[in-house]
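> Sequence plus the predicted model coming up.
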Amino acid sequence: MEYVIIGDGTEPPKEVHVRIEPGTQEEVEKPPEEPRVYEPKIPYRNVLSQPKKEKEQAKLKDLVSQLSVRLPFIDACQIIPSLRKYMKAILTSNVSLEEGAMMITKECSAILQNRMPEKLNDPGSFVLSCKIGSTHFHRALCDLGSSVNLMPYSVAKLLGITDFKPTKISLVFADRSVRRPVGVIMDVPIMVGDCYIPADFVVLELEHQPKDPLILGRPFLATAGAIIDVKNGKIDLHLGDIVMNFEVNKSMEKPTVDGQAFWIGELAETREEVLDELLLIDPLELALTKLRMSMDTWKEKLNA
């Protein structure tokens, strides 16, 4: 069974069903179908169209750059996020609109310019003048490396303190030696200036009396609110509203303690002169030296 379409062109074609038996003359031979020819696609089509797009974008950019649009300030801040962020930075003073020079300190300038700091000498020991009871201690050593406040046993006997609280702690010194203390004295009032500062002392028996009998460690310095300026040789004690300033580097200088003056003095030159006189072995030489000095002084007075 095959379908044949018949029409003369004036009316819609009609389908007529014609039955053709195989082997008859009316059988129509179909022409063989031609094979399809493969047409390869163009590779990298985007590469070929890219120059055209670039030309269009350049032309569009040129046209947009010539446009000028007037917008209200509020609309511009809402449309452009970067403008809103910049205006916020200006209003919060994070961005300065003024150009000028800024003065910086000598230390900041050295840090920014990466300069080497000035080499300084040893400022010496940081000591405080304090009083316990009626006994004055002109050289109480401030030691940030000590975890306890240390008092020799001889000083405790001098103060009349014989009742010590037992302790099981051991003291390790810089030479790695270990010593067991005699005991602990609790809540000792130390008078610095006009203020009393409580401190706990560990009592240790020593063979020789040290130059600085009391060692004020980190517990005392923390209680006193101590700020140590090593470069300038200063110790500041902050006790509530009271601030005490100590000048350690300058000999015989009187620091101020809320309007009152006291000082930590070192008579180094006077001590050396006295030692020179005491170390003279020959008494006759000492007498002749004194006589010569007296005669020179007397001649100067006569000549005047």
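Looks like it arrived, so ask away.

> how close does the closest residue to residue 161 other than its chain neighbours get to residue 35?
Nearest non-adjacent residue to residue 161, counting by Cβ to Cβ, 6 or more residues apart in numbering: residue 185, 5.9 Å away. The way it works is simple: take the backbone N, C-alpha and C, and place the C-beta from them, glycine included. According to Cβ to Cβ, to the nearest Å, residue 185 stands 116 Å off from residue 35.

> what about those two, which has more around it?
residue 185 (19 against 6; other Cβ atoms under 10 Å).

> Using the three-state scheme, assign the more buried one.
With DSSP: H, G, I helix; E, B strand; the rest coil as the basis, residue 185 sits in strand.

> Could I get the pLDDT score of it?
Residue 185 carries a pLDDT score of 90 in this model.

> and if you look at the one 3 residues further on?
On pLDDT, residue 188 comes in at 89.

> Please name the bridge partners of it.
residue 199 (DSSP bridges).

> doesn't residue 159 make contact with residue 132?
Yes. Using Cβ atoms under 8 Å, residue 132 is in contact with residue 159, at 6.0 Å.

> what about those two, which has more around it?
Between residue 132 and residue 159, counting by other Cβ under 10 Å, residue 132 is the more crowded of the two (21 against 16).

> Now that one. Its backbone dihedrals?
Residue 132 adopts backbone torsions of phi -120, psi 110, taken as degrees, to the nearest 10.

> which residue sits closest to residue 200, ignoring its sequence neighbours?
residue 186 is the one closest to residue 200 (Cβ to Cβ, 6+ apart), at 5.3 Å.

> What's the separation between the one you found and residue 174?
26 Å.

> okay, these two: which has more neighbours?
residue 186 (11 against 6).

> So the more buried one versus residue 205, what's the distance?
The value you get for residue 186 to residue 205, if Cβ to Cβ is used, is 19 Å.

> same deal with residue 148?
For residue 148, the distance to residue 205 - Cβ to Cβ - is 15 Å.

> Neighbour count for those two, which is higher?
Taking other Cβ under 10 Å, residue 148 and residue 205 do not tie; residue 148 has more neighbours (22 against 12).

> what ranges do the helices span in the stretch 101-250 of the chain?
106-112, 153-158, 218-223 (DSSP state H, counting those that start in this stretch).

> For the second one, which outside residues touch it?
If you take Cβ atoms under 8 Å, 6 or more residues apart in numbering as the criterion, helix 153-158 is touched by 135, 162, 164, 182, 185, 201, 203-206, 209, 213-214.

> which of those has the weakest pLDDT?
On pLDDT alone, residue 209 ranks lowest of the contacts of helix 153-158, at 72.
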